[in-house]
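>>> Below are the sequence and a predicted model for it; my questions follow.
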2 protein chains.
Amino acid sequence: MAGTNGPAAVDDADAAAPAVILVDPQLGENIGMVARAMLNCGLTDLRLVRPRDGWPNPKALSASSGAVAVIEGARLFETTEEAIADLNRVYATTARTRDMTKAILTPRGAAADMRALVAAGGRPGLIYGKESKGLNNDDVALADAIIQVPLNPAFSSLNLAQAVLVTGYEWYQSAADAPQAQLALPKATRPASNEELVGLFEHLEDELDACGFLRVKEKRPTMVRNLRNIFHRAALTEQEVRTLRGVVAGLTRHRPR
Amino acid sequence: MAGTNGPAAVDDADAAAPAVILVDPQLGENIGMVARAMLNCGLTDLRLVRPRDGWPNPKALSASSGAVAVIEGARLFETTEEAIADLNRVYATTARTRDMTKAILTPRGAAADMRALVAAGGRPGLIYGKESKGLNNDDVALADAIIQVPLNPAFSSLNLAQAVLVTGYEWYQSAADAPQAQLALPKATRPASNEELVGLFEHLEDELDACGFLRVKEKRPTMVRNLRNIFHRAALTEQEVRTLRGVVAGLTRHRPR
């Protein structure tokens, strides 16, 4: 996944995107990896509550893999309350259930919830606890809702940057308008037309008739259909149709007529 | 997100889940973090093609945070072709577009595709390239489809374990039957019944009538409705209703009748 992180990244970020609040983060490297994951997802507002090793932290900068603006824009707070004071709805990400009455959302459910909040003019925030222990109950109690990631129940603990990535990823997907599937095409070609496909099919079938491959009359329709299906599924380009016709021509060049 | 990774994790893993193939991985730490992300998502079949620092690698084990079975079960291969030989459909995860004709799927689209393959008895695999450069074009050409993660276009490069997590996460979500939102409740309580809620409302409104808060007759219906809405939205438990009735009683105890 290397090679596409550019300097203009922050320009594409989303001003309404959720703030990320790290409470008692321990390692600078982890803060850096969080910054990278945030910027991957268009998040830029990083808030640090009592980072153990102080701030600024050069290890955070180097681990951010270029998410410099997020690191340099990070703000320090003494308490979680101060860090979330301007936010309208706050989500605590935790793998453990707590003995308290609070809505539990998946990352996908939380993303929809945050989009609705933003549409209403509000600003959401995501709180994450320290690497070793997660959030304490007092911090969870400050949140409006809990986010739990549906994962392998016997091994559901994510590292800090992974937890930020999953929630940020769902935030990004909830707006992304990318189709779930598309076809990459080299610039010089285009999908084959149906006429071109039929031309290929008939060329191939003529040759298969000629060589006797399709000689059993009652089986011919099924065999032809199966062959056509193969090439239909391949979603051929115009160039590939020409290539395949060349293949057929090449394979049959020396056959006696 | 700490504290929930247990030793029984592999028992809950899914035998039909996709294999993860790392081609030319560089750092043992990254292989360990991949193993952790895999097990988070119920994936256990790790295949390594030419790991730079050899195998086994103690740094991988320690970075796996307990995903020991994935690390110890990892298999070594000389070539990508050998590593994918038994698989039926292979997806190359890459952030860069390639000048080749191939289906491009999002992680979500790929998860649906893999579920369909597994339902038909096939076995999918996910290929990831080296940390510094990603996959080379020959390895991408071996794949049936490309996975691209929709992310900040100016900063879309994920680290290796993050790329594995996002694809594995979508695989897991595509089967997970967790509702997108639910309510966490302490064991000793239950949601309030409507009768209990109405009891609270009437208690409160009686007191508000008594103190004159609701004295303007034409505004009363709207004010009552707004108050009731607040408590409806809070999705109160039976315990909380009793607490709130105690609050109302407490606040009004010394009022002259």
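Ah, there it is.

>>> which residue ranges form the strands in the stretch 151-257 of chain A?
Ranges of strands within the stretch 151-257 of chain A are A:181-184, based on DSSP state E, counting those that start in this stretch.

>>> Quick check: can you list the domain ranges of chain A?
In the assignment given by automatic domain parsing, the structural domains of chain A cover A:8-176, A:194-252.

>>> and of those domains, who's closest to residue B:51?
domain A:8-176 (21.2 Å; CB to CB). For the C-beta atoms, the positions are set from N, CA and C on the backbone; glycine is no exception.

>>> Give me the average confidence score over the closest one.
Average pLDDT, domain A:8-176: 90.

>>> so of the domains of chain A, which one's packed in deepest?
The highest average neighbour count among those, using mean count of other CB atoms under 10 Å in any protein chain shown, belongs to domain A:8-176 at a mean of 20.

>>> longest single helix anywhere in chain A?
Secondary structure of chain A per DSSP state H: the longest helix is helix A:194-211.

>>> Can you tell me which helices and strands it packs against?
With contacts taken as 3 or more CB pairs under 8 Å, 6 or more residues apart in numbering or on different chains; DSSP states H and E, helix A:194-211 sits against helix A:220-233, helix A:238-251.

>>> Quick one, which of those helices gets closest to residue B:243.
Closest to residue B:243 of these, according to CB to CB: helix A:220-233, at 62.3 Å.

>>> for the residue lying closest to residue A:55 once chain neighbours are set aside, what are its contacts?
In space, not counting the residues next to it along the chain, residue A:55 is nearest to residue A:76; the distance is 5.5 Å by CB to CB, 6 or more residues apart in numbering or on different chains. Under the criterion of CB atoms under 8 Å, 6 or more residues apart in numbering or on different chains, the neighbours of residue A:76 are A:47, A:48, A:49, A:51, A:55.

>>> If we use 10 Å, what do you get?
Counting by CB atoms under 10 Å, 6 or more residues apart in numbering or on different chains, residue A:76 touches A:47, A:48, A:49, A:50, A:51, A:54, A:55, A:56, A:82, A:83.

>>> What sits closest to residue A:160 if chain neighbours are left out?
Excluding its sequence neighbours, the residue lying closest to residue A:160 (CB to CB, 6+ apart) is residue A:30, at 4.8 Å.

>>> Quick check: the farthest pair among the contacts of residue A:76?
Maximum distance among the contacts of residue A:76 (CB to CB): 19.2 Å, for A:56 and A:82.

>>> if we can go back for a sec, please identify which of the domains of chain A is closest to residue B:68.
Comparing the domains of chain A under CB to CB, the one sitting nearest is domain A:8-176, at 10.8 Å.

>>> what separates that closest one from the chain centre, distance-wise?
Relative to the chain's own centre, domain A:8-176 is displaced by 17 Å; criterion: CA atoms, centre = their mean, to the nearest Å.

>>> Show the contacting residues for the residue minimising distance to the centre of chain A.
The central residue of chain A, meaning the one whose C-alpha is nearest the mean C-alpha position (CA atoms, centre = their mean), is residue A:169 at 5.5 Å. Going by CB under 10 Å, 6+ apart, residue A:169 touches A:37, A:40-41, A:107-108, A:111, A:176, B:107, B:149-151, B:158, B:162, B:165-166, B:169-170.

>>> and those residues, which of them are in helices?
Using DSSP H, A:37, A:40, A:107, A:108, A:111, B:107, B:162, B:165, B:166, B:169, B:170 are the members of these that sit in helices.

>>> What are the boundaries of the strands in the stretch 1-150 of chain A?
Listed in chain order, the strands of the stretch 1-150 of chain A (DSSP E, counting those that start in this stretch) span A:19-23, A:46-49, A:75-77, A:89-93, A:102-105, A:124-128, A:145-147.

>>> Among those, which comes closest to residue A:62?
Comparison of the strands of the stretch 1-150 of chain A against residue A:62 by CB to CB identifies strand A:46-49 as nearest, at 16.0 Å.

>>> show me the contacts for residue A:110.
With the criterion set at CB under 10 Å, 6+ apart, residue A:110 makes contact with A:18, A:89, A:91, A:93, A:103-104, A:124, A:126, A:145-149, A:167, A:170-171, A:174, B:180-181.

>>> ditto for residue A:57
When contacts are counted by CB under 10 Å, 6+ apart, residue A:57 is found next to A:25, A:27, A:28, A:29, A:31, A:32, A:48, A:51, A:63, A:71, A:74.

>>> for the second one, what are its contacts?
Residue A:27 sits next to A:33, A:51, A:52, A:53, A:57, A:59, A:60, A:63, A:130, A:131, A:132, A:160 when contact means CB under 10 Å, 6+ apart.

>>> what does the fifth one give?
For residue A:31, the contact set (CB under 10 Å, 6+ apart) comprises A:22, A:25, A:46, A:48, A:51, A:53, A:55, A:57, A:59-61, A:63-64, A:70-71, A:74, A:160-161.

>>> quick one: it and chain B, what's the gap?
15 Å (CB to the nearest CB, to the nearest Å).

>>> do the same with the first one
Here the distance between residue A:25 and chain B works out to 12 Å (CB to the nearest CB).

>>> Kindly report the same for the second one.
In this view, residue A:27 and chain B are 13 Å apart by CB to the nearest CB.

>>> now the third one
In this structure, residue A:28 and chain B are 16 Å apart, going by CB to the nearest CB.

>>> follow-up on the earlier one: can I get the contacts of residue A:57 in JSON lines including distance to residue A:232?
JSON lines is the format used below for these (distance: CB to CB, whole Å):
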{"residue": "A:25", "distance to residue A:232": "53"}
{"residue": "A:27", "distance to residue A:232": "53"}
{"residue": "A:28", "distance to residue A:232": "54"}
{"residue": "A:29", "distance to residue A:232": "50"}
{"residue": "A:31", "distance to residue A:232": "51"}
{"residue": "A:32", "distance to residue A:232": "49"}
{"residue": "A:48", "distance to residue A:232": "55"}
{"residue": "A:51", "distance to residue A:232": "57"}
{"residue": "A:63", "distance to residue A:232": "48"}
{"residue": "A:71", "distance to residue A:232": "51"}
{"residue": "A:74", "distance to residue A:232": "53"}
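
>>> out of those residues, which one sits closest to residue B:204?
Nearest to residue B:204 out of the contacts of residue A:57 is residue A:48 (CB to CB; 41.7 Å).

>>> Tell me which residues touch the closest one, please.
A:20-25, A:31, A:34, A:55, A:57, A:60, A:74-77, A:83.

>>> Good, we can wrap up now.
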